[in-house]
Each structure stands twice: as structure tokens, then as C-alpha cells.
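>>> need a 3D model of the sequence below.
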Amino acid sequence: MYTKLSILLLAIGLSQALPQLEIGLLQNSRAINQSNSDHLIDCFNTYILLVNQVAEGYKAEFSQCLSTADENHELFEENMKDNRTEIDNTATAACAALSTCSNNTGSVDYFECYANTAGNTTKTMYSISANSGELLTAVQEELRLIDHNRYICTNASERALREKQAVIYEDFNRCISGLEPLGPTNASSSALTTIIDDANDDESD
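Sure, this is the predicted structure:
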């Protein structure tokens, strides 16, 4: 359930983040003199591409966080099957032992069977209750940990997205001001190179 919700939040986040970033680039470009229109277009072509690359990287990282959480959840449920089977078998055996008492035709045997079996069944049910309570605590803690790790992962992805967006804003402003040479091959542009490298790494993953 939380995976579907997280995917929805991812879609909403991307739908809001990308237009806002592109609008920000447009707003910042208004300070540029019309005589620099060709240069401005070059800046847009470069940094809009980076915006898309960063968004794709974020989407991949976010999706991986969800996939990992789902896999851990499924693995944990698989590991709990033996415990559930043991409790099922114990409960079934206890109920079966009681049901045999109904087959006694004589009143003495009938009531004696229930008197003895019910006492043993009570002990069995108490054991089932105690074991189930302990397992419930363990299950809740493990699921909480899975959810916590998922949150840390998705939050880190979002933080990385914001940081990369901030670098894009800064480099775009420098670009339209003539302070930042265009092109990913420019070795002097460390911030731009970092963004491009990160975006390429995201795509290769």
C-alpha cells in the first residue's frame, strides 16, 4: 500500500519540481539583453537537458528505494512462514483433540475426556498466545525498520535532487551572464561537470 502512495508522491513531486525549475530558468533569463538571444538559447538547451537528466536520475533512485523496501518486506514475510505454520499446527492439533471427546457415547468417558483435554488445551492456547504476542512485537519492529529505511532512502534521493537543482540554477545564472562557458567538456566548470557526471551515472544505473 505504501509503495503505491510513494509512487503517487513521486509523480506529484516531479510534476511540481520540473515546471518550477524551468519557470525559474525563464524568470532568471529576463535580465538578459535581447542582443544575447543566441547565447540565451544555448544556455537553455544545455541546462534544460540537465534538468531532465537530473529528474530521470531522481526517478530511478526513488523507484529503487521502493523496490528495495518491497523486496525486504516480501523476504521478511517469507521468513515468518515457519512460525505461522507452527502456530497453525499447534492450534489445529489442540482443536482436534477436543473434537474427539464428542465421539464418546458414555457420559463418564465424555466428560472425563473434556476435563483432561481442556486443561491441556488451555495450556496450549496460552502458549500460542504468548508466542504470538512476542512474534507480533518482532514483526511490528521489523516492518517499522523497513519503513524507516525506505524513508531515509527516498528522503536522501529528494535531497540530492534539490542540491543538483541548486547547482543548475547557479550555473544557469552564470551562463546567461556570460560567466559560465557552455558545454560539458569545459574542465574549468566543476559544478557543471559534477552535475553532468551525476546525471550520466544515474542514467547508466
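>>> got any ranges where the chain has weak pLDDT?
1-36, 180-205 (pLDDT under 70).
>>> going by length in residues, pull out the top helix of it.
Of all segments of type helix in the chain, defined using DSSP state H, the longest is helix 107-176.
>>> list the helices and strands that helix packs on?
helix 2-29, helix 37-79, helix 81-101, helix 190-204 (3 or more C-beta pairs under 8 Å, 6 or more residues apart in numbering; DSSP states H and E). For the C-beta atoms, the positions are set from N, CA and C on the backbone; glycine is no exception.
>>> nearest residue to Thr117 in space, please, no chain neighbours.
Of all residues not flanking Thr117 in the chain, Ala97 sits nearest, at 5.1 Å (C-beta to C-beta, 6 or more residues apart in numbering).
>>> distance of Lys164 from Leu179?
When distance is defined by C-beta to C-beta, to the nearest Å, Lys164 is 20 Å away from Leu179.
>>> more neighbours: these two, which one.
The neighbour count for Lys164 versus Leu179, taken as other C-beta atoms under 10 Å, is higher for Lys164 (22 against 9).
>>> the closest residue to the more buried one other than its chain neighbours: neighbour count?
Using C-beta to C-beta, 6+ apart and skipping residues adjacent in sequence, the residue nearest Lys164 is Val54, 4.7 Å away. By the criterion of other C-beta under 10 Å, Val54 has 25 neighbours.
>>> from memory Val54 sits against Arg162, does it?
No - using C-beta atoms under 8 Å, Val54 is not in contact with Arg162; the gap is 10.1 Å.
>>> for stretch 45-52, C-alpha coordinates in CSV please.
Provided in CSV are the C-alpha atoms of stretch 45-52 (Å, rounded to 0.1, in the frame of the first residue of the first chain):
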residue,chain,number,x,y,z
ASN,A,45,19.5,24.0,-24.4
THR,A,46,22.3,23.0,-22.0
TYR,A,47,20.5,23.4,-18.7
ILE,A,48,17.1,22.1,-19.6
LEU,A,49,18.8,19.0,-20.7
LEU,A,50,20.5,18.8,-17.3
VAL,A,51,17.1,19.3,-15.6
ASN,A,52,15.7,16.3,-17.5
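>>> buried residues in that stretch?
Neighbour counts over stretch 45-52 (16 or more other C-beta atoms under 10 Å) mark 46-48, 50-51 as buried.
>>> can you tell me the helix or strand for Asn103?
Using DSSP states H and E, Asn103 is not contained in any helix or strand.
>>> what about it, neighbour count?
Asn103 has 9 neighbouring residues, counting by other C-beta under 10 Å.
>>> against Ser129, how distant is it?
Distance from Asn103 to Ser129, by C-beta to C-beta: 28 Å.
>>> with Ser63 instead?
According to C-beta to C-beta, Ser63 stands 41 Å off from Ser129.
>>> which of these two has more neighbours?
Ser63 (16 against 11).
>>> how close does the more buried one sit to Asn52?
From Ser63 to Asn52 the distance is 16 Å (C-beta to C-beta).
>>> with Ala156 instead?
Distance from Ala156 to Asn52, by C-beta to C-beta: 21 Å.
>>> repeat that for Asn104.
Note on Asn104: its distance to Asn52, by C-beta to C-beta, is 78 Å.
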